[in-house]
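>>> Model the following, please.
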Amino acid sequence: MKKYILLVFPLIFYGESLWFYFRDVHYYLPLIIQIIVHLIIISVCMIFLLKLTILQNVFDWLIGICFSVYFCILYQNTIEFMLFLENAHYSLKNLRYIVNSVNIIPIKGIIDVLRYNPSASFQIFGNLIMLAPFAFAMLYFKWAKSIKQAIWYSFLCTFGIELVQLLQRILGLVFDIGIGRSFDIDDVILNTIGAPIGVGCYLLWRKVEELFLQIRKKSSVTI
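Purely as a prediction, here's the structure:
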């Protein structure tokens, strides 16, 4: 049961915002409810993962803490929704613009970023490493039974994120609330390609761990 202490990190992550908004509950009530919904979603996801997790030593706890912080950051930077829409206008006419914000042609988005975005390298690198910690954690905590399964789960994760962002974009257009995220197949490709980076880090970790155990055994025999 001690492992569920890690659920405190979402509270820490959103605690400052909640404390600020609670100063004027009546005015910020919609935002407070929205943050609480985010907290519930993150907590439910983490509880599901923690049920599959065994924390036996300091390294397990350290990686568990790092993953908890990473998961909060990942969620905040990929998921966005608004429960209360003040001064929003409902209109299906804006849906005609959805074509301009959806990319289903592989590599097209990467070329556009390289051509028009001055921080293209940073954006592409960010997408490459976005799910690397997730792939590492899946293998480290045995959430995935094999490397192929870890990469497959990473693909499902990034594809699910893009679908949620597509839904966000549709709602943003319908209610004219300016949510700019949308579906980009190149994000799926980059995130999935980045998963083997996490796998490589895990394999390197295992090599270092095995080397450490061998040195420890030799030292104990010598003593």
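
>>> make it CA atoms for all contacts and neighbour counts henceforth
Fine.

>>> which strands and helices sit next to the longest helix along the chain?
Longest helix of the chain, by residue count under DSSP state H: helix 185-222. Here helix 185-222 touches helix 108-116, helix 120-129, helix 132-140, helix 147-175, going by 3 or more CA pairs under 8 Å, 6 or more residues apart in numbering; DSSP states H and E.

>>> Let me have the ones you listed in a markdown table, extended by mean pLDDT, mean neighbour count and distance to D186.
Below are the helices and strands packed on helix 185-222 laid out as a markdown table (pLDDT from 0 to 100; neighbours: other CA atoms under 10 Å; distance: least, CA to CA, whole Å):
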| stretch | mean pLDDT | mean neighbour count | distance to D186 |
| --- | --- | --- | --- |
| helix 108-116 | 82 | 13 | 6 |
| helix 120-129 | 87 | 16 | 9 |
| helix 132-140 | 96 | 23 | 16 |
| helix 147-175 | 89 | 19 | 10 |
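
>>> circling back to that earlier point, quick one: the longest helix of the chain to helix 147-175, angle?
140 degrees (axes from the mean of the first three to the mean of the last three CA atoms, to 10 degrees).

>>> which parts of helix 185-222 are buried?
185-199, 202-203 (16 or more other CA atoms under 10 Å).

>>> ditto for stretch 50-66
Going by neighbour count (16+ other CA under 10 Å), the buried part of stretch 50-66 is L50, T53, I63, G64, I65.

>>> List the contacts of it.
Applying CA atoms under 8 Å, 6 or more residues apart in numbering, the set of residues contacting stretch 50-66 from outside is K3, Y4, L6, A137, F141, K142, W143.

>>> ok, of these, which come out buried?
Buried among the contacts of stretch 50-66 by 16+ other CA under 10 Å: K3, L6, A137, F141, W143.

>>> Identify the farthest-apart pair in these.
For the buried ones among the contacts of stretch 50-66, the maximum inter-member distance is 16.9 Å, found between L6 and W143 (CA to CA).

>>> Poorly predicted segments of the protein, please.
Counting by pLDDT under 70, the low-confidence segments of the chain come to 81-91, 94, 176-181, 220-223.

>>> in it, which residue is closest to the centre?
Centroid check for the chain by CA atoms, centre = their mean gives L74 as the closest residue, at 2.9 Å.

>>> Much appreciated, bye for now.
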